[in-house]
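Engineer: Need coordinates for the following:
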Amino acid sequence: MANFCHRDLVAVMVQVHGEGPTADMVLCSSYLPHDSAELPPTRELQELDRYCRSKKLPLIIGCNANSQHVVWGSSKNNASGSALLEYLANAELEILNRGTSPTFVTARAQCIIDITLCDRRLAHRCVNWRVDQEDSLSDHRCIRREQEERLDVGRVKPSNIERLEDEVKSIHRALTESFHQACPIRPCRVGRKVKWWNRELGRLKGLTRRLWNRAYRTKREEDWTQYRKIQREFKNLIKRSKESAWKTFCEELEALPQVARLRRVFSAGHVQGLGGIILPGGVAITQPDEILEHLIQVHFPDSVIQGEGMCSGMEWARSGEGRPIWGLASKIVTLDRLRWAVDSFEMYKSPGPDGIYPAFLRKGGPLLLHRLLPALRACLALGHVPGRWREVRVVHS
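Structural biologist: Prediction:
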């Protein structure tokens, strides 16, 4: 969202899986200057809030507000905090802060000036807000939160092409999310978690944590000075360790023959493409359209090449030239035939481009079959194959 990226504000739009089709969400990082002549929030943040409300886009804001108010856990109120709270009272934003753990910690001050704001429609799904007690290598502590994900369990009757597409996406999402929840990906444990971590870094991390605890407890200047000194040493050693590990990694790659071959291929410049083919009658064709047409006729002899006057399946269904043949589709696609087809799949064959393994379908049981049955009947009745099922991966031999 380039229109909402400024010196003190950055906003991005992401896609998330929620109830129904994939939805858009706006994530924002905002800084409210403490020395500004205007009371918060900034004009840019207000414009982003109005834009999201007009477009009905959920909004989550991580904000260095430089403002204090007892509502978000501060020990006192100030003018900027009161002004910000007054704006939030009229906006559709909720404050997610919980507890009284300081978010900003220095030798002279410990206070809560960082707040997390969320659209009211998402507030009930943003849970477990907390201030991380690990050293962030900054004056500001890291803030963590979690967002509950709810799987769409509603059934959409695919009576038209749009509903058919949504139903197939819902089935695909249910299969993949169930798989990832039942079989979470776990990192392979091979000793150290990262290549650049070493014993000295572990020692400095523990020492930094102990010095921070002491400085936070005693609030003495000499303890904070010692903590900052070890913290800088820790930061510098992390940088040197990462650079050294990356250099070693690159040197190891240079010794691999496979890397040498790949580099030679990628650095070879433009690869000469197919210039033409010779037909069985001896005639050579060089035009790309003619080559593609011939390849389709050879490899897919029963296919019909779509011309300019022809319409796609979706356009045909919308034009009203053909009525859905639900009766015939119900006779052809039956539950017994669908069960036989699914049981004929080998369990652990490689998945297609959609990432669905045959084992997903075999283990889905009656619930999945009763969900697939109306979708497959709709494909035949409407004369349309959903986009998810049209994806192919071509492997050149």
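
Engineer: can we go C-alpha only for contacts and neighbour counts from here?
Structural biologist: Noted.

Engineer: What separation is there between residue 248 and residue 235?
Structural biologist: Separation of residue 248 from residue 235 (C-alpha to C-alpha, to the nearest Å): 20 Å.

Engineer: typo on my end, residue 219
Structural biologist: Distance of residue 219 to residue 235, computed by C-alpha to C-alpha: 23 Å.

Engineer: what number of residues lie near residue 347?
Structural biologist: Using other C-alpha atoms under 10 Å, residue 347 has 15 neighbouring residues.

Engineer: Next: the one 4 residues further on.
Structural biologist: Residues contacting residue 351 under the criterion other C-alpha under 10 Å number 12.

Engineer: Which residue, other than its chain neighbours, is closest to it?
Structural biologist: residue 357 (4.5 Å; C-alpha to C-alpha, 6 or more residues apart in numbering).

Engineer: ok, that neighbour - contacts?
Structural biologist: 347, 348, 349, 350, 351 (C-alpha atoms under 8 Å, 6 or more residues apart in numbering).

Engineer: and the host helix or strand of residue 116, how far out from the chain's middle?
Structural biologist: If you go by DSSP states H and E, residue 116 is part of strand 114-119. Distance, stretch centre to chain centre, for strand 114-119: 20 Å (C-alpha atoms, centre = their mean, to the nearest Å).

Engineer: Also stretch 114-122?
Structural biologist: With C-alpha atoms, centre = their mean, you get 19 Å for stretch 114-122.

Engineer: Give me the buried positions along it.
Structural biologist: By neighbour count on 16 or more other C-alpha atoms under 10 Å, the buried set for stretch 114-122 is 114, 115, 116, 117, 118, 119, 120, 122.

Engineer: got TSV for these, with distance to residue 93 and pLDDT too?
Structural biologist: Formatted as TSV, the buried residues of stretch 114-122 follow (distance: C-alpha to C-alpha, whole Å; pLDDT from 0 to 100):
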residue	distance to residue 93	pLDDT
114	15	94
115	12	95
116	10	94
117	6	94
118	5	92
119	5	88
120	6	85
122	10	82
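
Engineer: Pull the contacting residues for residue 49.
Structural biologist: residue 59 are the contacts of residue 49 under C-alpha under 8 Å, 6+ apart.

Engineer: Over to residue 13?
Structural biologist: 1, 24, 25, 26, 27.

Engineer: Would you confirm that it belongs to a helix?
Structural biologist: No. Secondary structure of residue 13 (DSSP: H, G, I helix; E, B strand; the rest coil): strand, not part of a helix.

Engineer: what's across from it in the sheet?
Structural biologist: Beta bridges link residue 13 to residue 26, judged by DSSP bridges.

Engineer: per-residue confidence at it?
Structural biologist: You'll see residue 13 listed with a pLDDT of 92.

Engineer: which among the buried residues of stretch 114-122 gets closest to residue 213?
Structural biologist: residue 114 (20.8 Å; C-alpha to C-alpha).

Engineer: thought that closest one was touching residue 69?
Structural biologist: No. Contact criterion C-alpha atoms under 8 Å: residue 114 and residue 69 do not qualify, at 11.0 Å.

Engineer: ok, of the contacts of residue 357, which one's closest to residue 96?
Structural biologist: residue 351 (41.1 Å).

Engineer: So that closest one sits against residue 360, correct?
Structural biologist: No. Look at residue 351 against residue 360 with C-alpha under 8 Å: they stay out of range, at 9.9 Å.

Engineer: sorry, back to before: per-residue pLDDT, the residue nearest to residue 351?
Structural biologist: Value listed for residue 357 in the pLDDT field: 87.

Engineer: Could you do residue 27 as well?
Structural biologist: pLDDT, residue 27: 94.

Engineer: so what's residue 129 up against?
Structural biologist: Here residue 129 is in contact with 96, 97, 98, 143, 144, 145, 146 (C-alpha under 8 Å, 6+ apart).

Engineer: for the helix or strand where residue 217 lies, what is the average pLDDT?
Structural biologist: Residue 217 belongs to helix 199-218 when assigned by DSSP H and E. When pLDDT is averaged along helix 199-218, the result is 92.

Engineer: Are there helices or strands packed against that helix, and which ones?
Structural biologist: Helices and strands touching helix 199-218, by 3 or more C-alpha pairs under 8 Å, 6 or more residues apart in numbering; DSSP states H and E, are helix 221-254.

Engineer: Now do the helix it packs on against helix 199-218: the angle between them, please.
Structural biologist: Relative orientation of helix 221-254 versus helix 199-218 (axes from the mean of the first three to the mean of the last three C-alpha atoms, to 10 degrees): 160 degrees.

Engineer: what about helix 221-254, distance to the chain center?
Structural biologist: 30 Å.

Engineer: buried ones in it?
Structural biologist: 223, 224, 227, 228, 230, 231, 234, 237, 238, 241.

Engineer: Tell me how far residue 64 lies from residue 145.
Structural biologist: For residue 64, the distance to residue 145 - C-alpha to C-alpha - is 16 Å.

Engineer: Settle it for me: which of those two has more neighbours?
Structural biologist: residue 64 (21 against 14).

Engineer: isn't that one right next to residue 34, touching?
Structural biologist: No. Taking contacts as C-alpha under 8 Å, residue 64 lies outside contact range of residue 34: 9.7 Å.

Engineer: For residue 215, see how far away residue 225 is.
Structural biologist: In terms of C-alpha to C-alpha, residue 225 sits 9 Å off from residue 215.

Engineer: what's the closest of the buried residues of helix 221-254 to residue 178?
Structural biologist: residue 238 (38.3 Å).

Engineer: where are the low-confidence patches of the stretch 151-300 of the chain?
Structural biologist: For the stretch 151-300 of the chain, the stretches flagged by pLDDT under 70 are 151-157, 188-193, 255-275.

Engineer: Any idea how many residues pack against the closest residue to residue 121 other than its chain neighbours?
Structural biologist: Spatial nearest neighbour of residue 121, chain neighbours left out: residue 58 (7.1 Å); criterion: C-alpha to C-alpha, 6+ apart. When neighbours are counted by other C-alpha under 10 Å, residue 58 registers 20.
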